[in-house]
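Peer 1: Compute the structure for the input listed below.
(one chain, ligands or ions: 1)
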Amino acid sequence: MPVPIQSRDDIQRLVYRFYDKVRQDPQLSFIFNDVAHIDWDTHLPHMVDFWENIVWGTGNYKGQPMGVHMLLTRKHPLTAEHFGRWKELFYETIDELFTGEIADELKMRAHAIAGVMEMKVKHVSLLSQTSQTTTTE
Ligand code: HEM
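Peer 2: Numbers count the residues shown, from 1 in each chain. I've put the predicted structure just below:
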């Protein structure tokens, strides 16, 4: 039964379950495994820090998510379909495990961050297409 999010352990359950799905997902898994060559043992606690900081402002996440995804999209374009699938799995995982205000807030925050991220990576893709066109002309 879904329960309210109350602690870091709850965020950890969410993150680990979400990435279990991502790792098995035909659209997303190869980006993590074959493009970014993720070390999951490092990535997962880092993502728990990220979401814990979003919810409680713990200050224990230091990173540049926008920059990381802009670099990633240069190796392999992140598309609207990737973002759509990412959000679908994230919301599905929250709804399976949790309910309440923090669960709702996490969905809203994920939606907002994903929107900005998608816009930024689209910009990078357009710029790299333009520079390829310019250099081949
Ligand atoms: C198209 C959908 C997405 C894909 C395929 C994706 C993939 C990845 C990958 C492969 C990394 C590891 C990069 C590296 O270490 O080299 C990463 C890191 C990360 N992602 Fe995503 N991501 C997506 C969307 C999102 C969204 C919507 C959020 C937040 C709401 C997010 C938050 C993060 C954060 C916080 C990191 C760690 C950045 C750092 O501090 O190093 N990602 N993502």
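
Peer 1: Alongside the ligand, which residues does this structure contribute?
Peer 2: 28, 31-32, 36, 38, 46, 50, 63, 65, 68-69, 72, 78, 82-83, 86, 110, 113-114, 117 (Cβ under 6 Å from any ligand atom). C-beta: built from backbone N, CA, C; applies to glycine.

Peer 1: If you go by neighbour count, which of those residues are buried?
Peer 2: Buried subset of the residues of the chain next to the ligand (neighbour count, 16 or more other Cβ atoms under 10 Å): 28, 31-32, 38, 50, 69, 72, 78, 82-83, 86, 110, 114, 117.

Peer 1: Let's have these in CSV, adding pLDDT.
Peer 2: Shown next, in CSV, are those (pLDDT from 0 to 100):
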residue, pLDDT
Leu28, 98
Ile31, 98
Phe32, 98
Ile38, 97
Phe50, 98
His69, 97
Leu72, 97
Leu78, 97
His82, 98
Phe83, 98
Trp86, 98
Ala110, 98
Ala114, 98
Met117, 98
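
Peer 1: Helices - which of the residues you listed land there?
Peer 2: Judged by DSSP state H, helices contain the following of those: Phe50, His69, Leu72, His82, Phe83, Trp86, Ala110, Ala114, Met117.

Peer 1: In contact with the fourth one, which residues are there?
Peer 2: In this structure, His82 makes contact with Gln27, Leu28, Ile31, judged by Cβ atoms under 8 Å, 6 or more residues apart in numbering.

Peer 1: measure whatever residue of the chain ends up closest to the ligand to Phe50 for me?
Peer 2: At 2.3 Å from the ligand, Gly63 is the closest residue in the chain, using Cβ to the nearest ligand atom. Counting by Cβ to Cβ, to the nearest Å, the separation of Gly63 from Phe50 is 7 Å.
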